[in-house]
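Undergrad: give me a model of this one.
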Amino acid sequence: MIRHFKLLNKIFNPRFKRSYCFKKDEDIHVQEFINRELKLAKTGHQVLVIQPYIKWGTKKDRLTSPEMKLAESESLINTLRDWKIVDSLKIGMTSYIKHTFFGPGNIDNIALKIKQDQRISAVFISTNILKPIQHKHLENYFKVPVYDRYLIVIQIFREHAVTREAKLQVALAEVPYIWSRIRGIQENYTERLGSEAGQIALSSKMLFDDKKDLLKEYEKKLKKMITKLKSHREHLRNSRKNKNLPVIAVVGYTNTGKTSLVKALTEDLEMLPKDCLFATLDVTVHGGILPSNLKVLYIDTIGFISDIPTKLIEPFVATLEDAMFADIIIHVTDVSHPNVDVQKSHVETTLKNLNVESSLLNSIINVGNKIDLVGNYHKDENCNYISCVKGTGIQELKIKIEEEIIKATGRQILKIRVRTGQKEYEWLRLHTAIMQVETDGDYSIVKVIATKSDLDVFKHLFIYKKSGK
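TA: A predicted model of the protein is given here:
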C-alpha cells in the first residue's frame, strides 16, 4: 500500500510532467503527454459519428428530431482541434441492448463500414455514457477506439480549460468515469482520458481495493483544492458586493453568443469570443456602464448542453453559483438555431434545478441573439432581439437592463441640489451614478441613481451634521 501512496504523491508533485492539470502553463511537453494518453494521432482522429435514437414508445425523445441530435453530435466533434468527421449515421432502435448496445444487424453494418473506409480511426456513439461491457464489445467488433458523449465532452473540456480552477474541475469531472471503469472489466478505457485518475486506474497490477483507496485519496485532494478556490471566489464575490456594484449573470446554451454579448455590452475590444461549443469554462467578470452612467458587472458563465451525464457537469455547478447571487440574469438564445425552443427550455430547467431564487427567475431578461442570420423569425414580446455582430438592439437592451437593475436593487432616481464643486458634489460623483447635471448659479441640480444606503450616508454626512441632528 505504501508504494501506491508514493505513486499518489508523485502524481501530485508539480514537477511531475503528467500532472498537467495542476501546472500553470500548458507547454509543448504537456500537449505531447495529452496526445499520447488520449491515443490521438498527430492529425487527430477521423471519426464516424453515430446518432442512436429510440424510434417509438415512452422513451422516444419528442422534443427534438434525430437530425437535430446528429447535428449537435457533429458539432461536438467539430469543436475538437484536429478531429474530423468522415461519415455520420442515424440508427433507429427500439431499445439499447444491454451487452452490445446495438443489435447484431446494426453492429455488423457499422463494422463493415469501418472495414471498407480505411480513413475511420475512431467511432463516436452519441449516447451519454456506455457501460464498460458495452464499450468492450463495441471496440472488439469495430477494432478502433469508441467514444461516448462523456469522453468527447471531456476532450473538449481539456482543450478549453485555461485556468487552474478549470483544469481542476475537468480532472474532478473525470473521476466518476474512472470509478465506473475500475469497477468494470474494461479498465483500459481510462487510459484514453489521459488523466491522473486514469493513471491510478492503470497503475501496475494493483488490486481493486488498492485502486479504490488510491482514487479516493486523489478525489479527496482534488475536492480540497477546489474548495480553496471556491473560498477565493466567495471572497471575490463579497468584495464585489462591498463595492455595491450591480451584478448581471449572462447564461445560455453553449455557443449562443454569451461572450459576444458581454463584449457588445461592455465594449471591451480585448474579449475574443469563439464560435465553438464550451468556449468558456471559467466564470469571468467584466465591468460595463449603462446609459445612466451606472457601473455594473457582467458575469460570463459556462454554457449549457443537453444529454450530458450529471456526474460530468457537477464539478462545474460551482461556476454557476455566481448566477445564483446575481441581481439579474440575462438568458441568451440563438434564434437562428432550429432547436432554439428546446435549448431555451433546457437552460430554464437547469436553472430551476440549481435552486435559483424564484424572484430572480421571474425577472430574467430573455435575449434572442443572431437575428442577422435569419430573415423571418417568430417574435416574442418578452424577448429582446439583438445581433452582437451587427450591434442591432444593444442600446435598447442596455436600457432594459438598467430598468431591471433599478427594480431589483431598490435604487432610486432623484434630483439633489448641491453647491457646485464642493464636498457634496464630489461625494455624489464618487458614490452614485450621475445621469444629468443642471447649473443654477453657484449650485448644481444633480440627477442621480443611488441606493438607499448611499442616500442614508449622504444625509448623515451633509444634512444631519449641518443641522446638528
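Undergrad: can you name the element that comes right after the helix or strand of the chain with the lowest mean pLDDT?
TA: Lowest on mean pLDDT, DSSP states H and E among the helices and strands of the chain sits helix 28-37, with a mean of 39. Next along the chain after helix 28-37, taking DSSP states H and E as the criterion, comes strand 46-54.
Undergrad: so what are the sheet partners of that following strand and their directions?
TA: Strand pairing for strand 46-54, determined by DSSP bridges: strand 84-93 (parallel), strand 122-125 (parallel).
Undergrad: leaving out chain neighbours, which residue sits closest to Pro52?
TA: Ile91 (5.1 Å; C-beta to C-beta, 6 or more residues apart in numbering). (C-beta placed from N, C-alpha, C; glycine too.)
Undergrad: my guess is that neighbour contacts Asn106. True?
TA: Yes. In this structure, Ile91 is within contact of Asn106 by C-beta atoms under 8 Å, at 5.6 Å.
Undergrad: okay, angle between the host helix or strand of Tyr150 and strand 46-54 too, please.
TA: Using DSSP H and E, Tyr150 falls within helix 149-160. Going by axes from the mean of the first three to the mean of the last three C-alpha atoms, to 10 degrees, helix 149-160 is angled at 140 degrees with respect to strand 46-54.
Undergrad: report the rounded mean pLDDT for helix 149-160.
TA: On average, the pLDDT along helix 149-160 is 85.
Undergrad: next one: stretch 97-105
TA: 88.
Undergrad: first vs last residue of that stretch, how far apart are they?
TA: Using C-alpha to C-alpha, to the nearest Å, the end-to-end distance of stretch 97-105 comes out at 12 Å.
Undergrad: that one: how far from the chain's middle?
TA: 33 Å (C-alpha atoms, centre = their mean, to the nearest Å).
Undergrad: please renumber so the chain begins at 52
TA: That works, and once the first residue is 52, the last one we named lands at stretch 148-156.
Undergrad: what are the buried residues along it?
TA: Buried positions in stretch 148-156, judged by neighbour count with 16 or more other C-beta atoms under 10 Å: 151-153.
Undergrad: go on, stretch 490-509?
TA: In stretch 490-509, counting by 16+ other C-beta under 10 Å, buried: 495, 497-502, 505-506, 509.
Undergrad: reformat those residues into a markdown table and put secondary structure next to each item.
TA: Below are the buried residues of stretch 490-509 laid out as a markdown table (DSSP: H, G, I helix; E, B strand; the rest coil):
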| residue | secondary structure |
| --- | --- |
| Ser495 | strand |
| Val497 | strand |
| Lys498 | strand |
| Val499 | strand |
| Ile500 | strand |
| Ala501 | strand |
| Thr502 | coil |
| Asp505 | helix |
| Leu506 | helix |
| Phe509 | helix |
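Undergrad: circling back to that earlier point, dump the buried residues of stretch 148-156 into TSV; add secondary structure as well.
TA: TSV is the format used below for the buried residues of stretch 148-156 (three-state DSSP):
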residue	secondary structure
Thr151	coil
Phe152	strand
Phe153	coil
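Undergrad: and which of those residues is nearest Lys187?
TA: Thr151 (9.7 Å; C-beta to C-beta).
Undergrad: quick one: secondary structure of the residue positioned nearest the centre of the chain?
TA: Nearest residue to the geometric centre of the chain (C-alpha atoms, centre = their mean): Ile353, 1.7 Å. At Ile353 the chain is in coil, as set by three-state DSSP.
Undergrad: quick one: the strands in the chain?
TA: 97-105, 135-144, 173-176, 197-198, 298-303, 335-340, 346-351, 379-385, 416-420, 434-436, 463-470, 484-491, 494-501 (DSSP state E).
Undergrad: distance to Thr214 for these - can I get that in a markdown table?
TA: As requested, the strands of the chain are exported to a markdown table (distance: least, C-beta to C-beta, whole Å):
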| stretch | distance to Thr214 |
| --- | --- |
| strand 97-105 | 29 |
| strand 135-144 | 29 |
| strand 173-176 | 28 |
| strand 197-198 | 26 |
| strand 298-303 | 18 |
| strand 335-340 | 9 |
| strand 346-351 | 13 |
| strand 379-385 | 22 |
| strand 416-420 | 26 |
| strand 434-436 | 31 |
| strand 463-470 | 38 |
| strand 484-491 | 32 |
| strand 494-501 | 34 |
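Undergrad: can you give me the mean pLDDT across stretch 500-517?
TA: 85.
Undergrad: Cys434 touches Gly419, doesn't it?
TA: Yes. Using C-beta under 8 Å, Cys434 is in contact with Gly419, at 4.9 Å.
Undergrad: neighbour count for those two, which is higher?
TA: The residue with more neighbours, out of Cys434 and Gly419, is Gly419; 25 against 17, by other C-beta atoms under 10 Å.
Undergrad: now the common contact residues for Cys434 and Gly419.
TA: Thr384 (C-beta atoms under 8 Å, 6 or more residues apart in numbering).
Undergrad: coming back round to it: pull the number of nearby residues for the residue nearest to Pro103.
TA: Ile142, neighbours per other C-beta under 10 Å, totals 16.
Undergrad: and if you look at Lys346?
TA: Using other C-beta under 10 Å: Lys346 sits among 13 other residues.
Undergrad: can you give me the pLDDT of it?
TA: Confidence score, pLDDT, at Lys346: 92.
Undergrad: tell me the bridge partners for it.
TA: Bridge pairing for Lys346 - DSSP bridges - gives Ile340.
Undergrad: how many residues are close by Glu447?
TA: Counted with other C-beta under 10 Å, Glu447 comes out at 12.
Undergrad: who's in contact with the nearest residue to it once chain neighbours are set aside?
TA: The shortest distance from Glu447 to any non-neighbouring residue, by C-beta to C-beta, 6+ apart, is to Asn435 (6.8 Å). Listed by C-beta under 8 Å, 6+ apart, the contact set of Asn435 reads 416-419, 444, 447-448, 451.
Undergrad: now the buried members of those.
TA: Looks like those have 416-419, 444, 448, 451 buried, using 16+ other C-beta under 10 Å.
Undergrad: so which of the residues you listed is the closest to Gln167?
TA: Gly419 (44.5 Å).
Undergrad: mind checking how far that closest one is from Leu448?
TA: 11 Å (C-beta to C-beta, to the nearest Å).
Undergrad: quickly list what's touching both of these two.
TA: Joint contacts of Gly419 and Leu448 (C-beta under 8 Å, 6+ apart) are 435, 437.
Undergrad: which residues of the stretch 252-401 of the chain fall in helices?
TA: For the stretch 252-401 of the chain, the helices defined by DSSP state H, counting those that start in this stretch cover 259-293, 309-317, 361-368, 372-375, 391-404.
Undergrad: just read off the phi/psi values of Asp493.
TA: When read as degrees, to the nearest 10, the backbone of Asp493 gives phi -80, psi 0.
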